[in-house]
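1. Sequence and predicted model, in that order:
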Amino acid sequence: MRTLYWMTRAFARTMFASIGTDIEIHNRDKRIHQGGAIVAANHTSYLDPPIVACAYNSAIAFLARKSLFHRFGAWLYPRLNAFPIDRDHADLQSMRTILRKLKDDERILMFPEGTRSADGRLQKAKAGIGMLVVKSGVPVQPVRIFGAHESWPKGGKFRPHRIQVVIGDPVEFDPGDLKEKSREAYQRIADQLMAAIAELKVE
């Protein structure tokens, strides 16, 4: 099932390099390559998923909107290690799928902000990521992508730009918030995660 994933990843790396948008990865040694983990990144561009896939040497699972999984998409997206999520409604099935994949030692890319930033700046995180952090109990690795917005902004045209990916240490959340299991605690966890992403800089 993952053969197409690795072929597509290799093609993406070649394409990024050929158009002068090669990906620089900072703190490679911090990457989580084994066991279940949430890879939490800022979101500014359609390029973000392939950028993160190129930055990790182990397979990354992706969330994709449910409407894409029809006809050819129903065959294609699972082979790209993507699975459906309903972004417009509370989707318990999607949440169960995420938790099951994390339990099965997969790394899942998630965007705490939910949607792409229109201006490239970090947005407020959604409480949902906090709930998944609590329910899964897996490490959460913050990742910050620089240059994707300049390369392909929301609603804009593609313009090759230098892309840098900074990998952070897993976030140590407040133990009290991890036990509270309320929407307010989930939001605090989400805010703490976004703060960890904001702290990542290119050295």
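-> Yes, it's here.
2. show me where the protein has strands.
-> With DSSP state E as the criterion, the chain has strands at 23-26, 37-41, 60-65, 82-85, 107-110, 140-146, 163-167.
3. Listing partners with orientation, what would you give for the fourth one?
-> Pointing back at strand 82-85 there. strand 60-65 (parallel) (DSSP bridges).
4. can you pull the buried residues of the partner strand?
-> Buried residues in strand 60-65, counted by 16 or more other Cβ atoms under 10 Å: 60, 61, 62, 63, 64. Just so you know, the C-beta spots here come from the backbone N, C-alpha and C atoms, and that holds for glycine as well.
5. bridging residues for the third one?
-> Judged by DSSP bridges, the bridge partners of residue 62 are residue 82.
6. Per-residue pLDDT of it, please?
-> pLDDT for residue 62: 94.
7. Pull the contacting residues for it.
-> Under the criterion of Cβ atoms under 8 Å, 6 or more residues apart in numbering, the contact list for residue 62 reads 49, 53, 80, 81, 82, 83, 108, 109.
8. Nearest to residue 93 among the buried residues of strand 60-65?
-> Of all the buried residues of strand 60-65, residue 63 has the smallest distance to residue 93: 12.5 Å, by Cβ to Cβ.
9. rewinding a little: out of the buried residues of strand 60-65, who's nearest residue 190?
-> The shortest approach to residue 190 among these belongs to residue 63, at 15.9 Å (Cβ to Cβ).
10. Residue 86 is in contact with the closest one, correct?
-> No. Between residue 63 and residue 86 there is no contact under Cβ atoms under 8 Å: 10.3 Å.
11. if I look at the residue nearest the centre of the chain, how far off is residue 201?
-> The centre of the chain sits closest to residue 109, judged by Cα atoms, centre = their mean, with a distance of 2.9 Å. With the distance defined as Cβ to Cβ, to the nearest Å, residue 109 ends up 21 Å from residue 201.
12. And for residue 78?
-> 36 Å.
13. low pLDDT regions in this structure?
-> Segments of the chain classed as low confidence (criterion: pLDDT under 70) are 1, 87-91.
14. Going along the chain, name the helices of it.
-> Listed in chain order, the helices of the chain (DSSP state H) span 3-18, 48-55, 72-79, 92-103, 127-136, 148-151, 175-180, 183-199.
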